[in-house]
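>>> from the sequence below, what's the structure:
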Amino acid sequence: MTNLTRWDPFREMTQLLDDTFFTGFTGVMPRSGSLVPALDLSETADAYHVEMAVPGMTADQLNITFENNVLTISGEITQSSDRKDRQYHVTERRYGRFSRSIRLPNQIHPDRIEARLENGVLTVTIPKAEEIKPRKIAVNVAQ
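Purely as a prediction, here's the structure:
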């Protein structure tokens, strides 16, 4: 399984600037860089399961596609309008567009993929095709 993330040449510099060593000189700096929601990929005998943290998002803010054995989850986390009337001293939540892509094996049922959003966690279930499910094979005794 491969988790594809778009390469960003400035990511290391952004991580250095976000380091707590630098915050002592400049105060708490707003986080910048690409937004990458946390994601878990697990497997059971019957399916692959993707769980992604998307707190505060609604189903209509998410876009899920499956093409060429790549599952892509994208969306945009937006700030609420009442935030613009405030002066913030610390801002740690990130806002903006995101996209995560995961390459899956050929042996799945793409027409049976299901997605569910509950309590800020998106769960995508990708059923395995019959030919890759584990099965017990009987051993015959030679006579």
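>>> select the helix or strand of the protein having the lowest average pLDDT value.
helix 20-26 (a mean of 45; mean pLDDT, DSSP states H and E).
>>> hey, what's the residue nearest in space to the middle of the chain bridged with?
With distances taken as CA atoms, centre = their mean, the residue of the chain nearest its centroid is residue 39 (3.9 Å). Assessed by DSSP bridges, residue 39 has beta-bridge partners residue 52.
>>> for it, what are its contacts?
Taking CB atoms under 8 Å, 6 or more residues apart in numbering, we find residue 39 in contact with 3, 50-53, 73, 100, 102. To be clear about C-beta, it is placed using only N, CA and C from the backbone, and glycine gets the same treatment.
>>> highest neighbour count among those residues?
Per-residue neighbour counts (other CB atoms under 10 Å) across the contacts of residue 39 peak at residue 52, which has 23 neighbours.
>>> ok, now which ones touch that residue?
Residue 52 makes contacts with 37-40, 73, 100, 121-122, 124, as judged by CB under 8 Å, 6+ apart.
>>> ok now stretch 41-51, how far from the chain's centre?
Chain-centre distance of stretch 41-51: 14 Å, with CA atoms, centre = their mean, to the nearest Å.
>>> mean confidence for it?
In this model, stretch 41-51 has an average pLDDT of 93.
>>> show me what counts as buried in it.
41, 47-48, 50 (16 or more other CB atoms under 10 Å).
>>> please tabulate those residues in TSV, including the columns distance to residue 138.
What follows is the buried residues of stretch 41-51, written out as TSV (distance: CB to CB, whole Å):
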residue	distance to residue 138
41	33
47	26
48	28
50	35
